[in-house]
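*Asks:* Fold the following for me, if possible:
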Amino acid sequence: MKYQIDDIDRKILTYLSQNARVPFLVIARECGISGAAIHQRVKKMEESGIIEGSHFIVEPEALGLDVCAFVGITLDHAHAYKTVVKEIEKVTEVLECHFITGTFTFLLKLRCTNHDHLMNILINTFQNIPGISKTETFISLDQLIDRQVSVFKE
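*Replies:* The predicted structure is shown next:
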């Protein structure tokens, strides 16, 4: 059965999505319930798969990864996608890989140090993966929205 969230769960998720390190007692005060109740609700949301762990956010630019690019990949044959994904997964510059509808088979998000680095990945890595017939690259000039899933009322 799907876990149904209520207004208090929405508040909890909002606080945790903004800062996973916020103490449960701070959330409890804001929600008007006990810290133990917050802990129980978070545990239920973890068990139901609504919340999956917590992690630090690494800022790519701070590591010198200044170029963000999206690469559309077209395959020779769609049935080879599992084999191709295994090869794409080895490319550490790939942050996300989506199997999509439309013109491309995959849409990748990459982070590279500069345009030469990106070009090297495109030419010497992706073009050498058997099954990839074509790539099309889109360079991000600026990221204007960055957020987690919004917790809205149904």
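*Asks:* hang on, L118 packs against L108?
*Replies:* No - using CB atoms under 8 Å, L118 is not in contact with L108; the gap is 11.5 Å. No exception for glycine: its C-beta is placed from N, CA and C like everyone else's.
*Asks:* so where's this protein shaky on pLDDT?
*Replies:* For the chain, applying pLDDT under 70 flags the ranges 1, 151-154.
*Asks:* Just say helix, strand or coil for the residue most central in space within the chain.
*Replies:* Taking CA atoms, centre = their mean, the centroid of the chain lies closest to E96, which sits 6.4 Å from it. Look at E96: counting by DSSP: H, G, I helix; E, B strand; the rest coil, its state is strand.
*Asks:* Secondary structure element for the closest residue to it other than its chain neighbours, which one?
*Replies:* Computed as CB to CB, 6 or more residues apart in numbering, the closest residue to E96 that is not its neighbour in sequence is K109, at 4.1 Å. Secondary structure assignment for K109, by DSSP states H and E: strand 106-112.
*Asks:* Next: Q40.
*Replies:* helix 35-47.
*Asks:* Flag every buried residue along that helix.
*Replies:* A37, I38, R41, V42, M45 (16 or more other CB atoms under 10 Å).
*Asks:* any chance of those residues in CSV, with distance to A78 too?
*Replies:* Listed next are the buried residues of helix 35-47 as CSV, based on distance: CB to CB, whole Å:
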residue, distance to A78
A37, 49
I38, 46
R41, 43
V42, 41
M45, 36
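*Asks:* Nearest to Y3 among those?
*Replies:* Closest approach to Y3 among those (CB to CB): M45, at 6.7 Å.
*Asks:* That closest one touches I51, doesn't it?
*Replies:* Yes - the criterion here is CB under 8 Å, and M45 meets it with I51 at 4.6 Å.
*Asks:* Name the residues contacting each of these two.
*Replies:* Shared contacts of M45 and I51, defined by CB atoms under 8 Å, 6 or more residues apart in numbering, are found at L13.
*Asks:* ranges for the strands of this structure?
*Replies:* 67-75, 94-99, 106-112, 132-140 (DSSP state E).
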